[in-house]
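[1] next comes the sequence, and after it the predicted model I'd like to discuss.
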Amino acid sequence: MNGTNPDETVESVCPCCSVGCRVRYSDRRDGAVGCDGAPVNEEGRLCRNGINAFDGLNAADRLTDPLIREEGNLVSVTWEKAFDRIEAEFETVLDDRGPDALAFFGAPRCTNEENYLLQKLARVLGTNNVDNRARICHGSVVAAMVERLGSPGMTNTLSDLTEADLFLVLGANPAAQQPIAFNSYLRPAINDGAMLIHVEPDANETTRLADAHVAPTPGTDALFVNAVTAELLDRELQDEAFIAERTTNFESFAESLASLTLAECAERTGVDAERIRHIAERFGRADRAAVIVGTGAEEDDHEGTATADALIDLLLVTGNIGRRGTGMNLLRGLTNEQGANDVGCRPSTLPGFRPVADADARSAVAEEWGAAPPSRPGRSELDAVRAFGDAIRGAYVVGENPAVSKRGTQSVARSLESLDFLLVQEAFPTETVEHADVVLPASLWAEKGGTVTNLDRQVQRMRPMTPPPDGVRRDLDILLEIGRRLTDARFEYDDREEVFDELTRVNPLYAGMSYDGIGHGSQRWPLPDDAEEGTEILHEERFRTGERRTAFVPVEDVPTRVSAHHD
């Protein structure tokens with residue numbers, strides 16, 4: 001690396017994926033090394049991306065000055081002038097069009113504290129138009145999990161998955177996308193004899209260890225899973241006790257499966273009937289079977305839940321929820337993907353996934369903020385982009401690059417240009433920056449502190465390992481300044497810890513957590529009252545809905561859709 005190297009004595013969290021490995025800088029290796037005894041990478045392992053995590057800190061193209069657009073060009077200005085422009089432009093949109101003419105985009109690369117403040121700013125101003133692209137990545141699966149299980153996170157932990165004797169991995173490539181999680185937790189179980197069934201259009205790194213690779217015809221993943229469940233029931237391999245004690249609507253569900261013939265399912269899915277029989281037999285006889293799901297389970301509209309519902313039904317039929325080595329385990333991909341959603345950076349839910357329509361939830365938040373959030377759900381990021389230049393006149397984008405991260409880059413570019421005002425907070429000159437009216441230079445992961453939440457619900461602390469470049473401010477400080485200028489609500493905090501403390505008071509999932517409690521380890525949500533450790537296995541006695549039982553979803557014929565590949 002060039003310039004000042006990060007402090008070797010400071011540990012932080014790797015920014016490369018959602019696993020949450022602990023890292024520090026090594027002068028001797030001129031890069032990252034792992035930390036023994038860390039919450040996730042206990043043996044100090046890092047993947048190739050993690051080893052190179054510090055690359056880019058001293059990149060020549062870092063943005064270091066605030067920029068404003070004058071006569072069509074972005075020019076360097078002082079921070080004060082940039083903030084004055086932001087204040088004036090936001091007030092113009094608010095006065096002329098109202099708060100719902102604004103949109104706010106957070107990002108998984110931001111800390112919990114930063115995403116929390118962004119959604120607070122949006123809602124105090126009077127709009128629920130706040131979102132992050134991580135919500136879209138797993139919208140279908142999360143919707144099904146929240147509706148039926150009451151929780152949007154992994155039902156289990158990485159460590160207890162080592163006890164599984166069967167993995168069904170659908171629409172994910174953890175060997176490549178979450179290699180430390182795969183090699184430290186799944187691979188040992190597979191080496192000890194656990195069966196790996198990989199449901200994926202094309203073979204990839206994960207397939208190499210699979211006992212069975214299944215590639216259903218695009219759009220028929222749900223039908224394939226339902227065929228397995230139907231065959232399992234025909235063989236009377238269901239868990240009768242679990243079904244009786246923890247579920248409802250089983251008769252209607254079983255009746256809906258009765259119309260599925262194995263021959264028809266094999267023809268429509270392209271999966272050999274004997275292969276379906278074999279998988280049903282193995283899944284039904286497994287003592288502990290775990291489902292691992294990625295973005296490949298998403299419906300094209302990110303709203304339909306057929307595949308996710310089919311997987312949950314399969315787990316319920318076999319009693320594979322609420323025990324170690326089982327469950328519905330969503331493999332999120334980006335750094336703080338779980339946390340960005342936990343803290344309310346979503347158009348339909350407040351911190352803790354409480355619906356904005358919930359009057360009690362809004363009242364609890366208003367008591368802390370001194371201002372009540374709106375009750376009507378806001379626009380998703382996709383809907384907001386479509387409305388740029390029309391219903392949406394101004395946008396604040398933090399750590400995101402919608403000009404290339406959304407489908408139809410040319411139309412998105414035109415949409416960005418049609419805004420009356422675009423504020424972008426970014427570390428590098430991205431494609432979105434090219435359309436901005438004001439650009440604020442952002443800090444990178446090793447330059448700031450806060451918390452992030454990994455894929456199995458562990459909240460860890462990030463610590464600043466090196467100062468930002470001259471002229472660059474930390475993202476939290478930028479958000480606080482904008483909040484103070486635009487609202488009368490409380491945006492005065494002594495430090496990031498005070499922001500986190502407020503977050504724990506408005507987010508039931510994080511209740512009881514603290515910086516001291518996290519320390520150099522982690523705290524996992526939910527954290528029961530007076531407990532030192534968070535809950536590892538969800539739904540052991542009750543689902544997070546508060547109910548002891550959850551309902552099966554009768555099968556409907558699913559139209560064919562094209563599924564994504566996961567290279």
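    Ah, there it is.
[2] helices or strands up against the worst-scoring helix or strand of the chain on mean pLDDT?
    Ranking every helix and strand in the chain by mean pLDDT, DSSP states H and E puts helix 133-137 at the bottom, with a mean of 79. Applying 3 or more CB pairs under 8 Å, 6 or more residues apart in numbering; DSSP states H and E, one finds that helix 133-137 contacts helix 337-342, helix 381-386. In short, each C-beta sits where N, CA and C put it, glycine included.
[3] I'd like these written out as a markdown table, with distance to residue 427 and mean neighbour count added.
    Conversion of those to a markdown table gives the following (distance: least, CB to CB, whole Å; neighbours: other CB atoms under 10 Å):
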| stretch | distance to residue 427 | mean neighbour count |
| --- | --- | --- |
| helix 337-342 | 17 | 29 |
| helix 381-386 | 20 | 20 |
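[4] re the thing from before, export the least confident helix or strand of the chain as CSV, just CAs?
    What follows is helix 133-137, C-alpha atoms only, in CSV (Å, rounded to 0.1, in the frame of the first residue of the first chain):
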residue,chain,number,x,y,z
ARG,A,133,-30.7,-2.5,-2.8
ALA,A,134,-30.1,-5.4,-0.3
ARG,A,135,-33.9,-5.4,0.4
ILE,A,136,-34.5,-6.1,-3.3
CYS,A,137,-31.9,-8.9,-3.5
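[5] of all the residues in it, which ones are buried?
    Buried residues in helix 133-137, counted by 16 or more other CB atoms under 10 Å: 133, 134, 135, 136, 137.
[6] closest to residue 398 out of the helices and strands packed on helix 133-137?
    Among the helices and strands packed on helix 133-137, the nearest to residue 398 by CB to CB is helix 337-342 (10.5 Å).
[7] where do the strands sit along the stretch 401-550 of the chain?
    421-426, 438-441, 450-453, 458-462, 523-524, 550-551 (DSSP state E, counting those that start in this stretch).
[8] then the third one to CSV, C-alphas only?
    Below are the C-alpha coordinates for strand 450-453, written out as CSV (Å, rounded to 0.1, in the frame of the first residue of the first chain):
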residue,chain,number,x,y,z
GLY,A,450,-19.9,1.6,13.9
THR,A,451,-21.6,-1.7,13.8
VAL,A,452,-22.6,-4.2,11.1
THR,A,453,-24.8,-7.3,11.2
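[9] so what touches the helix or strand residue 329 falls within?
    If you go by DSSP states H and E, residue 329 is part of strand 327-330. Contacts of strand 327-330 from elsewhere in the structure, counted by CB atoms under 8 Å, 6 or more residues apart in numbering, are 138, 141-142, 145, 149, 152-156, 161, 290-294, 311-312, 315, 320-321, 455-456, 537-539.
[10] now do 7 Å
    If you take CB atoms under 7 Å, 6 or more residues apart in numbering as the criterion, strand 327-330 is touched by 138, 141, 145, 154-156, 161, 290-293, 311-312, 315, 320-321.
[11] what does the least confident helix or strand of the chain rub up against?
    Contacts for helix 133-137 (CB under 7 Å, 6+ apart): 107-108, 295, 302, 333-334, 337, 340-341, 346, 381-382, 400, 405.
[12] then stretch 533-543?
    Contacts of stretch 533-543 (CB under 7 Å, 6+ apart): 149-151, 155-157, 160, 321-324, 457, 523-528, 544, 548, 550.
[13] do the same with stretch 244-257
    226, 229-230, 233, 243, 313, 316, 548-555.
[14] for residue 117, what are its contacts?
    Residue 117 neighbours (CB under 7 Å, 6+ apart): 476, 479, 480, 483, 499.
[15] ok, 6 Å please
    By CB atoms under 6 Å, 6 or more residues apart in numbering, the residues touching residue 117 are residue 479.
[16] before we move on, what about the one 10 residues further on?
    With contacts defined as CB under 6 Å, 6+ apart, residue 127 is in contact with 99, 100, 102, 378.
[17] next: residue 530.
    Taking CB under 6 Å, 6+ apart as the definition, residue 530 has no contacts.
[18] for it, give its distance to residue 45.
    As judged by CB to CB, to the nearest Å, residue 530 and residue 45 stand 34 Å apart.
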